[in-house]
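Colleague: Let's see this in three dimensions:
(one chain, ligands or ions: 2)
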Amino acid sequence: MINTNHKIEYDVSKCVGCKLCYKACFVDVIRWDEEKKQPIFKYVEDCEHCFFCAAVCKKDAITVVPDYSSEHLLQAFEPYK
Ligand code: SF4
Ligand code: SF4
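Modeller: Ligands and ions are numbered 1, 2, ... in the order given. Purely as a prediction, here's the structure:
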């Protein structure tokens, strides 16, 4: 289990259900709720912080908030030390 406090903030009041965030996420953190026509965020600890979901959202409904002190991100930076 990765120790992390990564967050993805989602404002449903801004969302228009375009599905672009779901299509942009290549690690399956964003799933799609067909009934409600809105994204579901699962296993946020697996987020790779590419910011694609936030970038494609034309309604500014998504904010990716990485936990820069987390084990996951520190491991990613290890080869560059
Ligand atoms: S990209 Fe933005 S507006 Fe479109 S479904 Fe995702 S959160 Fe909603
Ligand atoms: S930042 Fe990238 S990996 Fe993380 S939820 Fe958004 S699209 Fe998926």
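Colleague: Which positions in the chain make contact with ligand 1?
Modeller: 15-21, 39, 56-57, 59, 61-62 (CB under 6 Å from any ligand atom). (Each C-beta comes from the backbone N, C-alpha and C, glycine too.)
Colleague: Compute the distance between the nearest residue to Val29 once chain neighbours are set aside and ligand 2, please.
Modeller: Spatial nearest neighbour of Val29, excluding adjacent residues (CB to CB, 6 or more residues apart in numbering): Cys47 at 5.0 Å. Between Cys47 and ligand 2 the distance is 3 Å, computed by CB to the nearest ligand atom, to the nearest Å.
Colleague: With Lys59 instead?
Modeller: 15 Å.
Colleague: likewise Val29?
Modeller: As judged by CB to the nearest ligand atom, Val29 and ligand 2 stand 4 Å apart.
Colleague: for Tyr68, same thing?
Modeller: Distance of Tyr68 to ligand 2, given as CB to the nearest ligand atom: 14 Å.
Colleague: Can you report how many residues lie near that residue?
Modeller: 11 (other CB atoms under 10 Å).
Colleague: per-residue pLDDT, it?
Modeller: Looking at Tyr68, its pLDDT is 79.
Colleague: Give me the three-state assignment for it.
Modeller: Under DSSP: H, G, I helix; E, B strand; the rest coil, the three-state class of Tyr68 is coil.
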